[in-house]
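Enquirer: whatever this is, show me its structure:
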Amino acid sequence: MDKLHAVIEAAGTRLRPILMTTAATVVGHLPLVFAHGPGAGARNSIGITLVSGMIIGTAFTLFVVPAIYMLVAGVHKHSEAEENEVVYAPKKTMVTVPY
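Expert: Now for the predicted structure:
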């Protein structure tokens, strides 16, 4: 598998969990953004910072980091032996802890 397809597959695999986590965090912090009453100015500032930071961080995670990886990976040249090398991944296991 070439690098472009690997990056696209990895981004597609991580898209849903990242978006779900970001959406939950943003929705959870919306009351801070829309707060009113005593101390609302400080809470609004914190809420806006948290929400905008999550949105910008998510955009970087999903788009900028893979793009930079492709730029850096494109510069690094592999030998033909490295390209044809088979890498074995460990089996996925689930660890259970008795309660």
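
Enquirer: chain center to the longest helix anywhere in the chain: distance?
Expert: Across the chain, the longest stretch assigned as helix under DSSP state H is helix 3-33. Centre-to-centre, helix 3-33 and its host chain are 6 Å apart (C-alpha atoms, centre = their mean, to the nearest Å).

Enquirer: helices or strands next to it in the packing?
Expert: Here helix 3-33 touches helix 40-59, helix 65-75, going by 3 or more C-beta pairs under 8 Å, 6 or more residues apart in numbering; DSSP states H and E. All C-beta atoms are positioned from the backbone trio N, CA, C, and that covers glycine.

Enquirer: rebuild these as a markdown table, extending it with mean neighbour count, distance to residue 33 and mean pLDDT.
Expert: Output for the helices and strands packed on helix 3-33, formatted as a markdown table (neighbours: other C-beta atoms under 10 Å; distance: least, C-beta to C-beta, whole Å; pLDDT from 0 to 100):
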| stretch | mean neighbour count | distance to residue 33 | mean pLDDT |
| --- | --- | --- | --- |
| helix 40-59 | 14 | 4 | 94 |
| helix 65-75 | 12 | 27 | 84 |
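
Enquirer: ok, now how distant is residue 14 from residue 58?
Expert: Distance of residue 14 to residue 58, given as C-beta to C-beta, to the nearest Å: 11 Å.

Enquirer: report the secondary structure state of the residue located most distally from the centre of the chain.
Expert: The centre of the chain is farthest from one residue, residue 38, which by C-alpha atoms, centre = their mean lies 35.7 Å away. Under DSSP: H, G, I helix; E, B strand; the rest coil, residue 38 falls in the coil class.

Enquirer: quick test: name the residue nearest the centre of this structure.
Expert: Note on the chain: the residue nearest the mean C-alpha position is residue 61, at 4.1 Å, using C-alpha atoms, centre = their mean.

Enquirer: what's the local residue count around the closest residue to that one other than its chain neighbours?
Expert: Setting aside the residues directly before and after it, residue 61 is nearest to residue 18 in space (C-beta to C-beta, 6 or more residues apart in numbering), at 6.0 Å. Residue 18: 15 surrounding residues under other C-beta atoms under 10 Å.
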